[in-house]
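Asks: Sequence first, predicted model second:
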Amino acid sequence: MAADRNAGGARREGRGLAGAGDDGIRAGMGLLDLLGGGAPGIGVGDAAPDFTLPDPSGRTVRLGDYRGRKAIVLYFYPKDDTPGCTKEACSFRDQYQDFQDAGAEVIGVSSDAAASHEKFAARYHLPFVLLADASGAVRRQYGVPATLGLLPGRVTFVIDRQGIVRHVFNSQFQASRHVEEAIAALRAMAGA
């Protein structure tokens, strides 16, 4: 067993990644997530920055229009039609009714063009809106980190009806966990 000290100086034991079971897996996933660029700029308790982006039909969607009406699950993803992004989008699709039942709307954002979103949504029968952040301005506004400084990051923000961020989940390599995390956060908000 290896020992080191945490930020507070307390001694902690660790087994490292090799043969370490759950602790090692968590450490390894933490390392992979660290490679994902670190923590987003917008955190729990912050007001969600307002934005306006086009949907595939050309309609302008403004985040502020949902304030006071619905909670929002805002997820940033790297690219349409890639394996991880498809898995994530289909997980949101498969549990979309759970989000609706919780009084929330799901909104996906990537840098892909509206035409790409339209094809992606049609191919996988996605019932929620995908928005085109072609310039990456909204991604930067939310401080979504890039993976290895190259690939757009994967971060989900759960925003309450008042426009306050209540949960943030950042993981480039655990696409389907974003759905689980979002549903759990919505349930916690309902129970509060």
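Replies: Okay, I see it.
Asks: tally of neighbours for the nearest residue to Gly68 once chain neighbours are set aside?
Replies: With sequence-adjacent residues excluded and distances taken as CB to CB, 6 or more residues apart in numbering, Gly68 is closest to Arg161, at 5.9 Å. Backbone N, C-alpha and C define where each C-beta goes, glycine included. The local packing of Arg161 (other CB atoms under 10 Å) involves 15 other residues.
Asks: Identify the residues contacting Arg161.
Replies: Tyr66, Arg67, Gly68, Arg69, Lys70, Ala71, Gly103 (CB atoms under 8 Å, 6 or more residues apart in numbering).
Asks: which residue sits closest to the second one in space, ignoring its chain neighbours?
Replies: Which is Arg67. Arg67 sits nearest to Gly163 (CB to CB, 6+ apart), 4.7 Å away.
Asks: Identify the residues contacting the one you found.
Replies: With CB under 8 Å, 6+ apart, Gly163 has these contacts: Ala47, Ala48, Asp50, Leu63, Gly64, Arg67.
Asks: okay, it: pLDDT?
Replies: Listed pLDDT for Gly163 reads 97.
Asks: separation between it and Asp101?
Replies: 21 Å (CB to CB, to the nearest Å).
Asks: returning to what we had before: determine which two of the contacts of Arg161 are furthest apart.
Replies: Arg67 and Gly103 (13.2 Å; CB to CB).
Asks: and of the contacts of Gly163, the nearest to Tyr142?
Replies: Using CB to CB, the contacts of Gly163 come closest to Tyr142 at Ala48, 8.1 Å.
Asks: hang on, the earlier thing: which of the contacts of Arg161 are buried?
Replies: Tyr66, Arg67, Lys70, Ala71 (16 or more other CB atoms under 10 Å).
Asks: now, which of these sits nearest Ala190?
Replies: Ala71 (9.2 Å).
Asks: coming back round to it: could you flag which of the contacts of Gly163 are buried?
Replies: Buried among those by 16+ other CB under 10 Å: Ala48, Leu63, Arg67.
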